[in-house]
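Colleague: model the structure of this input:
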Amino acid sequence: MKIPLDYVCVRSGLFCDRCQSLLDEGKVNDFDVEVIKMLLDLEESQFKELKDSAYDKAIKLNHLVILLVNSGPSMNQQKWIKVAKVLQDKLKVKVRVLEKTNSIKNSAMQLLSPARVLGVNTVWLPDGSVQYVIRVSRSERRMLPAEAGILESALSKIHSTAVRIRVE
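Modeller: Residues are numbered from 1 along each chain as shown. Below you'll find the predicted structure:
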């Protein structure tokens, strides 16, 4: 698996100057290191297909962990679900794996699944900023994987912009 840190640094827990600077700048945090170590163990033992995939970031919110990855050609959604289940058992929190994308709609569809996204509206605020509103059907509200507020903050962190979820 392609990772932002050196393999030796992650395995040993002692970081070289480059890896330490990534930690100091906040591009990688201690939780990322923990998750990367678990993913490398899984790659060696159960999931050889992880070799061509790339790790981007892990976001932890309450009882939900979101992994942002770039899948390799041999990884599909079913294999990522199996990886997420193994990580759930180890971390004792719910894990969702998202394919890294610049599209808010694609990220929302992956994160909110099995609930369907009706659409994404762009709201231009008077101060010149942009807010995205993700619309979800009222009948599918119970199918959301977590509370709407947690999902909103997750999408906001992923895309570095304000995101709201509206149930209609």
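Colleague: count of neighbours near V167?
Modeller: By the other CB atoms under 10 Å criterion, the neighbourhood of V167 contains 15 residues. C-betas here are computed from N, CA, C, even on glycine.
Colleague: need the contact list for K37.
Modeller: Applying CB atoms under 8 Å, 6 or more residues apart in numbering, we find K37 in contact with 10-11.
Colleague: contact partners for the closest residue to R141 other than its chain neighbours?
Modeller: Computed as CB to CB, 6 or more residues apart in numbering, the closest residue to R141 that is not its neighbour in sequence is V167, at 5.0 Å. By CB under 8 Å, 6+ apart, V167 lies in contact with 136-138, 141, 148.
Colleague: what about 6 Å?
Modeller: The contact partners of V167, by CB atoms under 6 Å, 6 or more residues apart in numbering, come to 136, 138, 141.
Colleague: now those residues in TSV, with pLDDT, neighbour count and distance to Y7?
Modeller: Putting those into TSV (pLDDT from 0 to 100; neighbours: other CB atoms under 10 Å; distance: CB to CB, whole Å) gives the following:
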residue	pLDDT	neighbour count	distance to Y7
V136	94	22	40
R138	92	8	48
R141	89	13	43
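Colleague: those residues in strands, which ones?
Modeller: Helix and strand membership here follows DSSP state E; of these, those in strands are V136.
Colleague: which one of the contacts of V167 is nearest M1?
Modeller: The shortest distance between M1 and any of the contacts of V167, using CB to CB, involves V136 and amounts to 32.6 Å.
Colleague: that closest one: what's it in contact with?
Modeller: 115, 167.
Colleague: okay, domains of the chain per the record?
Modeller: The domain map for the chain lists 7-99, 104-167, with the assignment taken from automatic domain parsing.
Colleague: bridge partners for the residue nearest to R141, pull those for me.
Modeller: V136 (DSSP bridges).
Colleague: what ranges does this structure have for its helices?
Modeller: For the chain, the helices identified by DSSP state H occupy 7-12, 17-25, 30-45, 77-91, 104-112, 148-159, in order along the chain.
Colleague: where does the chain dip in pLDDT?
Modeller: In the predicted model of the chain, no residue satisfies pLDDT under 70.
Colleague: tell me the residue furthest from the middle of it?
Modeller: Here the chain reaches farthest from its C-alpha mean at P126, the gap being 30.8 Å by CA atoms, centre = their mean.
Colleague: what's the spacing between that one and I134?
Modeller: Counting by CB to CB, to the nearest Å, the gap from P126 to I134 is 21 Å.
Colleague: do you know how far the nearest residue to M1 once chain neighbours are set aside is from E44?
Modeller: With CB to CB, 6+ apart as the measure, L50 is the residue that lies nearest to M1, at 4.7 Å, once sequence neighbours are left out. Taken as CB to CB, the spacing of L50 relative to E44 amounts to 9 Å.
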